[in-house]
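Visitor: Need coordinates for the following:
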Amino acid sequence: RFSHMQDIREALKSVKLTFILIMLVLSVLSLVVRAIAWRTILGKQVSLSAAFFGVSEGYFLNNLFPLRLGELGRALSVGRSSGLGILHVLSTIIIERAFDIVYAAGIVLLTLPLVVGADWIKPIALIAFGVVLLGLLVLYLIANNREKFQVWIGRRKFRSRFITERLLPQVSKVIDGMSALVKPSQFLLSMFWIGMTWVVWMVMYYFTVTQLAVNPPLWWGLFIAGLLALGVAVPSAPAALGVYEGSLVGALAILGVSTGRALAYAVILHVIQITVTAVFGLWGLIRDGQNLSTLFSTLSNQKKVAELETGEEL
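Guide: Residues are numbered from 1 along each chain as shown. Next comes the predicted model:
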């Protein structure tokens, strides 16, 4: 509605092959750095290759399933192949995503004073920042008082036999996955590598905006990365279709880039990221002997995932 087709066509024609190749390299690099970060959160209990393909599989499955079910797929794949368990791995993914929101909100709040006419973003960033920090604090208290929490939850009266007989016995595995929150060295190293992922994203979006504006400041790339992360944080359609483009176009429009040109580059970036994650995600599924149709059926029934986890343990 806000973009002119003529601007989009002209922008697409102006895209250079060099730009596409650089974006491909940076997209792969971001997966590698993210794998190192997630492996650190996992306490290095899996190999780097397993973490890399696990991250790729998760992103690839997010491109196929709505509501970020790919994260559940990543937990299912790596949890079973590594022997750590689905719930253990899933808890580390939750922490990973929480760290991302802290970075995203912090970056937006840091760069916001440099942006004209974007004060409406501040409440969103503050709410996201506060909610996630509160959540991390609660998880820290649970992990740091593990025995007391297990005794307390063991005394609760649940009507569901599934909860009492299958889920509650797995509470310890979930808490084990939160070790990054209670071990200072692991926490700081995890935050460092998550931060390095953001550095790669900043370079990616800064290089993108150099194609659309003359001599843009470096903080533009940081602002775009933060605002985009907040925009796609809410579970949505597969591959965040529309949400990704809308968030990126919105961030660029705030910085004065025309919506037509911004939309053209947003589509190109999204296609590159979907392609890269599809290549390595499919490779990872084949490598791990996963069947896509079976995985689809399992993810379509989230309760079945929990039953697989607890059933194997029992």
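Visitor: Residue 43: what secondary structure?
Guide: For residue 43, the assignment made with DSSP: H, G, I helix; E, B strand; the rest coil gives coil.
Visitor: right, and it touches residue 186 too?
Guide: Yes. Counting by CB atoms under 8 Å, residue 43 does reach residue 186; the two are 6.4 Å apart. For every residue, glycine as well, the C-beta is placed using N, CA and C.
Visitor: Please enumerate the shared neighbours of those two.
Guide: 179-180 (CB atoms under 8 Å, 6 or more residues apart in numbering).
Visitor: just for this structure, where's the confidence low?
Guide: 1-2, 4, 161-163, 165-169, 298-314 (pLDDT under 70).
Visitor: okay, which residue is most central for it?
Guide: residue 97 (5.4 Å; CA atoms, centre = their mean).
Visitor: Which helix or which strand is home to that residue?
Guide: helix 86-111 (DSSP states H and E).
Visitor: what are the ranges of the helices in the stretch 101-250 of the chain?
Guide: 121-144, 146-154, 161-162, 171-176, 184-210, 219-232, 243-254 (DSSP state H, counting those that start in this stretch).
Visitor: Any chance of TSV for those helices, columns distance to residue 77 and mean neighbour count?
Guide: TSV is the format used below for the helices of the stretch 101-250 of the chain (distance: least, CB to CB, whole Å; neighbours: other CB atoms under 10 Å):
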stretch	distance to residue 77	mean neighbour count
helix 121-144	23	15
helix 146-154	27	12
helix 161-162	23	10
helix 171-176	16	19
helix 184-210	21	18
helix 219-232	22	23
helix 243-254	24	21
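Visitor: Specify the stretch among those that is closest to residue 21.
Guide: helix 184-210 (11.5 Å; CB to CB).
Visitor: The closest one - contacts with which helices or strands?
Guide: helix 17-41, helix 86-111, helix 219-232, helix 259-287 (3 or more CB pairs under 8 Å, 6 or more residues apart in numbering; DSSP states H and E).
Visitor: Distance check, residue 271 against residue 14.
Guide: According to CB to CB, to the nearest Å, residue 271 stands 16 Å off from residue 14.
Visitor: what does residue 103 give?
Guide: From residue 103 to residue 14 the distance is 32 Å (CB to CB).
Visitor: Tell me which of these two has more neighbours.
Guide: residue 103 (21 against 13; other CB atoms under 10 Å).
Visitor: Just confirm the more buried one contacts residue 192, I think it does.
Guide: No. Assessed by CB under 8 Å, residue 103 is found out of contact with residue 192, at 11.5 Å.
Visitor: Grab the nearest non-local neighbour of residue 248.
Guide: Nearest non-adjacent residue to residue 248, counting by CB to CB, 6 or more residues apart in numbering: residue 266, 4.1 Å away.
Visitor: contacting residues around the residue nearest to the centre of the chain?
Guide: 71, 233 are the contacts of residue 97 under CB under 8 Å, 6+ apart.
Visitor: in what helix or strand does residue 79 lie?
Guide: Going by DSSP H and E, residue 79 is in helix 69-82.
Visitor: on that earlier part again, so which of the helices and strands packed on helix 184-210 is the most packed in?
Guide: helix 219-232 (a mean of 23; mean count of other CB atoms under 10 Å).
Visitor: Residue 61: which element?
Guide: helix 48-62.
Visitor: Give me the buried positions along that helix.
Guide: Judged by neighbour count using 16 or more other CB atoms under 10 Å, the buried positions of helix 48-62 are 50-62.
Visitor: tell me which strands and helices it is in contact with?
Guide: Packed next to helix 48-62, using 3+ CB pairs under 8 Å, 6+ apart, are helix 17-41, helix 69-82, helix 259-287.
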